[in-house]
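[1] generate a structure from the sequence data that follows.
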Amino acid sequence: MKTSACPTASPGNEAPPAFKLWTQPITRATPAAPTEVDVVVAGGGINGVGIARDLAGRGYSVALAEGADLAAHTSSSSTKLIHGGLRYLEHGALGLVRKSLLEREVLLRSAPHIMWPMRFMMPVSPSGRPAWMIRAGLFLYDQLAPRDVLPGCVAVDLSNEAAGQDLLPIFRKAFIYSDGWVDDARLVVVAALDAQSKGAWIGSRTAVHRAQRQSAGWAITLRGPGGEQYIRSRMLVNATGPWARRFLDGVVSDVPMSAGQQLRLVKGSHIVVRRCWSHEHALILQSSDRRVIFVIPYEQDFTLIGTTDIEVGPAILNSNHPAQAEDSEVDYLCCEVNRYLARPLTRADVVWSYAGVRPLLDDARGNPSSVTRDYRLEVDGGSAPMLSVWGGKLTTFRRLAEEAGDIAGQLLGEQRAAWTRGAVLPGGDLGTWLGDQLSGHPSQDFEAFVHLAIKRYQFLPSAVVRRMARAYGTRIELVVGDSQSRADMGDEVAPGLYERELHYLQMHEWAGTADDVLWRRSKMGLHYCAQERERVRAWWSQRFKTPD
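    Residues are numbered from 1 along each chain as shown. As a prediction, this is how the structure comes out:
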């Protein structure tokens, strides 16, 4: 999708009717929380939403509360990879790497619209790890878990590779291997949609304000835009990510101060530049401090570069503003990439940056880059049990949630079967469109689906249909609904973004502000200029009567 020039014109559960009928401002309140459930989950990042989905699918009644937007923090600020973590082999984390690798293709099959395979190229650096070590590590990486759709590692001569033209001439050899890519924020949303479809109540911008342990369960106070609500629950799940320790200390009563795992908070920053790497493969670069830096094709026209590992104190969680990439981090990423790229980058090339705080288990390692990315599930039992989630990563969210579901069954005395391993996430059921054409290869099936979608919605630009197919998969039917022409999609509020899609996101995907749409439900904000982003915000504020 091309970044557009800014025009001067002003913007003008079932799919909604044609948008020419939608003329009045709309206010839509979140449905009230249930008064009694089996489990309350605190935290609307990937682990919290994954646990709510797993439990709801097992037949438990579930309410999830997230004080901000879904995926507002760490879960939308990752490097966006479904991977085993090649560099963790160097730290001896074979168990974590194998566990992650076993999940790669499970996830790729579950949502081929928002996850897909990606090939990674690692140039052999004269000052970095030797070629034999890289080859041995990649051989082990390929052997630790079975692969059905991901090709294995190969060695390449960069003098005969088109990709070599973008690198400095000192790099003559590289290795190429497979991992996966994911739209992290959309993964959280589609998991929440799945949880909701199975009966879970999803409360975004609604925080667990207080949780009091009683003789038989929890008395929980939720606080959101409509005020306070009260809910009784047999069990509580603390999946608040970087805030997990603080949640125990400040929200939950009757928990010993000694309870709970200690976390190390590590900030990871990323930068986005205009496309500086012409190949479709991603790069994984050995940095001067023996870390790795990813250089990833991003949103067609851009390159994503990251990440840093900066240990931070708990004060960063006090701010109302999200973590940000500091100038020193931007300079570090540019400097490390410039050790490889033929065309050097400067801070002026950066068009966007973001940062997230990762909650890592405190394993007493000195270097933040070597701290384990594994997770721990901690039980505080009794008549009012609580489960706390410590650590974790995107790739292992489904398995973490499955383990949490098993533990919940034990604590509630009602063990119920796991179900998510072969399940498809909302929008990923491409067989409903492809029928006998379904090949079982996620990438091929997605391209076949896009072809059918472009043919079905010929009244829309093919680039818009492809973008919506990527975002929504088969749920594109809900977005487009019964539209028969471009006019039925409503006004084009910004290039390629129609009123009908904005209404869908507000009604079905918990989008509460225009920025939820521009930066989490999509990355359209990256493609738009400042005036176009403001037009979306102005339209949203007027139509939904909400401050933005």
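[2] which stretches of the stretch 151-300 of the chain form strands?
    For the stretch 151-300 of the chain, the strands defined by DSSP state E, counting those that start in this stretch cover 154-157, 173-182, 201-204, 207-214, 217-224, 227-238, 263-274, 282-286, 292-298.
[3] out of those strands, which is closest to F449?
    F449 lies closest, by C-beta to C-beta, to one member of the strands of the stretch 151-300 of the chain: strand 173-182, at 17.4 Å. (Each C-beta comes from the backbone N, C-alpha and C, glycine too.)
[4] what helices or strands is the closest one leaning on?
    Applying 3 or more C-beta pairs under 8 Å, 6 or more residues apart in numbering; DSSP states H and E, we find strand 173-182 packed against strand 81-82, helix 94-110, strand 115-123, helix 131-143, strand 154-157.
[5] figure out how far it is from the centre of its chain.
    For strand 173-182, the separation from the chain centroid amounts to 20 Å (computed by C-alpha atoms, centre = their mean, to the nearest Å).
[6] now do the contacts for the residue most central in space within the chain.
    Nearest residue to the geometric centre of the chain (C-alpha atoms, centre = their mean): D184, 1.6 Å. Residues counted as contacts of D184 (C-beta atoms under 8 Å, 6 or more residues apart in numbering) are I46, A71, S75, S76, S77, S78, K80, L394.
[7] neighbour-wise, which one of these leads?
    In terms of neighbours by other C-beta atoms under 10 Å, the contacts of D184 top out with I46 at 32 neighbours.
[8] that one contacts A185, doesn't it?
    No. Between I46 and A185 there is no contact under C-beta atoms under 8 Å: 9.4 Å.
[9] now do the shared contacts for these two.
    Residues touching both I46 and A185 (C-beta under 8 Å, 6+ apart): A71, S75.
[10] tell me, how many residues neighbour the residue nearest to P225 when sequence neighbours are not counted?
    Of all residues not flanking P225 in the chain, R205 sits nearest, at 6.0 Å (C-beta to C-beta, 6 or more residues apart in numbering). Number of residues near R205 (other C-beta under 10 Å) recorded here: 21.
[11] ramachandran coordinates for R205?
    Main-chain dihedrals, R205, degrees, to the nearest 10: phi 50, psi 30.
[12] again, but for A111
    Backbone torsions of A111, given as degrees, to the nearest 10, read phi -150, psi 70.
[13] which ones are touching it?
    By C-beta under 8 Å, 6+ apart, the contact list for A111 reads L187, V190, V424, L425, G427, G428, G473.
[14] please tell me how far it sits from D179.
    Per C-beta to C-beta, to the nearest Å, A111 is found 16 Å from D179.
[15] ditto for P225
    As judged by C-beta to C-beta, P225 and D179 stand 40 Å apart.
[16] please apply the same query to G525.
    Using C-beta to C-beta, G525 is found at 26 Å from D179.
[17] I170 contacts G128, doesn't it?
    No. Using C-beta under 8 Å, I170 makes no contact with G128, being 11.5 Å away.
[18] pick out whichever of these two has more residues nearby.
    Higher neighbour count among I170 and G128: G128, with 18 against 11, using other C-beta under 10 Å.
[19] so what's that one up against?
    Contacts of G128 (C-beta under 8 Å, 6+ apart): Q286, R290.
[20] where does it land in three-state SS?
    Under DSSP: H, G, I helix; E, B strand; the rest coil, the three-state class of G128 is coil.
[21] model confidence for it, exactly?
    With respect to pLDDT, G128 has a value of 86.
[22] can you tell me how far it is from S288?
    9 Å.
[23] and the strands in the stretch 351-500 of the chain?
    Under DSSP E, counting those that start in this stretch, the stretch 351-500 of the chain gives strands at 375-380, 386-391, 492-494, 497-498.
[24] need the ones you listed in a markdown table with mean neighbour count and distance to G92, can you?
    Shown next, in a markdown table, are the strands of the stretch 351-500 of the chain (neighbours: other C-beta atoms under 10 Å; distance: least, C-beta to C-beta, whole Å):
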| stretch | mean neighbour count | distance to G92 |
| --- | --- | --- |
| strand 375-380 | 18 | 17 |
| strand 386-391 | 24 | 17 |
| strand 492-494 | 22 | 49 |
| strand 497-498 | 24 | 47 |
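[25] can I get these in a markdown table including mean pLDDT and distance to H441?
    A markdown table is the format used below for these (pLDDT from 0 to 100; distance: least, C-beta to C-beta, whole Å):
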| stretch | mean pLDDT | distance to H441 |
| --- | --- | --- |
| strand 375-380 | 93 | 30 |
| strand 386-391 | 95 | 33 |
| strand 492-494 | 98 | 35 |
| strand 497-498 | 98 | 31 |
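[26] L236 is nearest to which of those?
    Smallest distance to L236 across those (C-beta to C-beta): 4.6 Å, for strand 386-391.
[27] sheet partners, orientation included, of the closest one?
    Sheet pairing of strand 386-391 (DSSP bridges) gives strand 227-238 (parallel), strand 375-380 (antiparallel).
[28] would JSON lines of those strands with distance to R537 be doable?
    Formatted as JSON lines, these follow (distance: least, C-beta to C-beta, whole Å):
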{"stretch": "strand 227-238", "distance to R537": "26"}
{"stretch": "strand 375-380", "distance to R537": "37"}
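[29] buried stuff in stretch 393-410?
    Going by neighbour count (16 or more other C-beta atoms under 10 Å), the buried part of stretch 393-410 is 393-409.
[30] tell me the mean pLDDT over that stretch?
    The model assigns stretch 393-410 a mean pLDDT of 97.
[31] one more: stretch 281-296?
    In this model, stretch 281-296 has an average pLDDT of 94.
[32] CA-only coordinates of that stretch in PDB, if you can.
    Extracted in PDB, the C-alpha atoms of stretch 281-296 (Å, rounded to 0.1, in the frame of the first residue of the first chain):
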ATOM      1  CA  HIS A 281      13.700 -12.300   3.400                       C
ATOM      2  CA  ALA A 282      14.300 -10.700   6.800                       C
ATOM      3  CA  LEU A 283      17.800 -10.100   8.200                       C
ATOM      4  CA  ILE A 284      19.100 -11.300  11.500                       C
ATOM      5  CA  LEU A 285      22.400  -9.500  12.300                       C
ATOM      6  CA  GLN A 286      25.000 -10.300  14.900                       C
ATOM      7  CA  SER A 287      25.600  -7.100  16.900                       C
ATOM      8  CA  SER A 288      28.900  -5.800  18.300                       C
ATOM      9  CA  ASP A 289      27.700  -6.800  21.800                       C
ATOM     10  CA  ARG A 290      26.800 -10.400  20.700                       C
ATOM     11  CA  ARG A 291      23.100  -9.700  20.700                       C
ATOM     12  CA  VAL A 292      21.100 -10.000  17.500                       C
ATOM     13  CA  ILE A 293      19.200  -7.300  15.600                       C
ATOM     14  CA  PHE A 294      16.300  -8.100  13.200                       C
ATOM     15  CA  VAL A 295      15.700  -6.200  10.000                       C
ATOM     16  CA  ILE A 296      12.300  -7.100   8.700                       C
END
